[in-house]
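Q: Okay, predicted coordinates and the sequence, questions at the end:
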Amino acid sequence: MSKVENSLPKHIAIIVDGNRRWATNNGFDKKIGHKMGFDNLEKIIRYAAEKNIDYLSLYVFSTENFKRDSDEVDYLMRIFTHDFRHQAIRLNDKNIKIVFSGKRNNLSEKLNYSIRFMENLTKENTKTVVNFCLNYGGRSEIADACKNISLDVLRNIVSIEEINEDIIDKYMYNQLPPIDLMIRTSGEQRISNFMLWQLAYSELYFTDKCFPDFSINDFDIALKDFNLRDRRFGCNSQGNQNIEI
């Protein structure tokens, strides 16, 4: 499958990176960097909805991020618990649906309540689906899917013969389409355990901009770069398999 001129990715994922680096570069406390990054999230989400992007996945906190100092983690948890709820109310007015991917068993009850509030508030919305990846790890998601499939095999809900890629999709934290374009800010060029299953054939785009500085113009530049890619999905430009040894 070749590129289509001016086509939009159906599913964009962003590794939200560089909030602390932005704060250091600008002489601020790292908490200010996280606050600026949070404020920018809403701008990017709103713009993605205006561009009619169907799905937007945002890596906002990994399972490994709990290893950071407790003061920073506590500040981020307060943002996720309180500020996200206010943001969700505003996004709800734009018909945007919010879902969360990640482990919830070790999050506070207040944060879990906020997550349920946001998902329930927006569950009937039909515009862009925003998938916040919070306390998330790609390997954990695949492992949890395998556990749940195994349980359903034991319950005779699924047979071994039925297990294929489509079945596994259904057991991810959220059933989302493959990622077409993954953007990572701050200059790092790693996937960092982010949505490994869904990233199989995505186009990767890296920018030196730290996330608080990542503007809607930068978002458009990433979209233009996406349209220059020749997406073959393992085939050559004529649609035949292209295997080189």
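A: Yes, it's here.
Q: Residue 171: how many residues sit nearby?
A: 19 (other Cβ atoms under 10 Å). (Glycine included, C-beta is placed from N, CA and C.)
Q: Just confirm it contacts residue 149, I think it does.
A: Yes: at 5.4 Å, residue 171 and residue 149 qualify as touching, with contact defined as Cβ atoms under 8 Å.
Q: who touches stretch 37-48?
A: 12, 14, 16, 18-19, 22, 56, 58, 60, 79, 83, 87, 90-91, 94, 96, 128, 130, 211-212, 214-216, 219 (Cβ atoms under 8 Å, 6 or more residues apart in numbering).
Q: Quick check: helices, which of the residues you listed are part of them?
A: Those of those mapping onto helices are 19, 22, 87, 90-91, 216, 219, per DSSP state H.
Q: which one of these is nearest residue 52?
A: residue 219 (13.3 Å; Cβ to Cβ).
Q: Sketch out the low-pLDDT regions of the chain for me.
A: 1-6, 233-245 (pLDDT under 70).
Q: how about the residue most central in space within the chain, what does it touch?
A: Nearest to the geometric centre of the chain sits residue 57, at 2.5 Å (Cα atoms, centre = their mean). Neighbour list for residue 57: 11-14, 101, 130-131, 133, 176, 179, 195, 198 [criterion: Cβ under 8 Å, 6+ apart].
Q: what about it, distance to residue 97?
A: 13 Å (Cβ to Cβ, to the nearest Å).
Q: picking that back up, just send the ones in helices among the contacts of stretch 37-48 back as JSON lines, with neighbour count and distance to residue 46 too.
A: What follows is the ones in helices among the contacts of stretch 37-48, written out as JSON lines (neighbours: other Cβ atoms under 10 Å; distance: Cβ to Cβ, whole Å):
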{"residue": "19", "neighbour count": "25", "distance to residue 46": "19"}
{"residue": "22", "neighbour count": "25", "distance to residue 46": "21"}
{"residue": "87", "neighbour count": "19", "distance to residue 46": "10"}
{"residue": "90", "neighbour count": "12", "distance to residue 46": "9"}
{"residue": "91", "neighbour count": "24", "distance to residue 46": "8"}
{"residue": "216", "neighbour count": "15", "distance to residue 46": "9"}
{"residue": "219", "neighbour count": "20", "distance to residue 46": "11"}
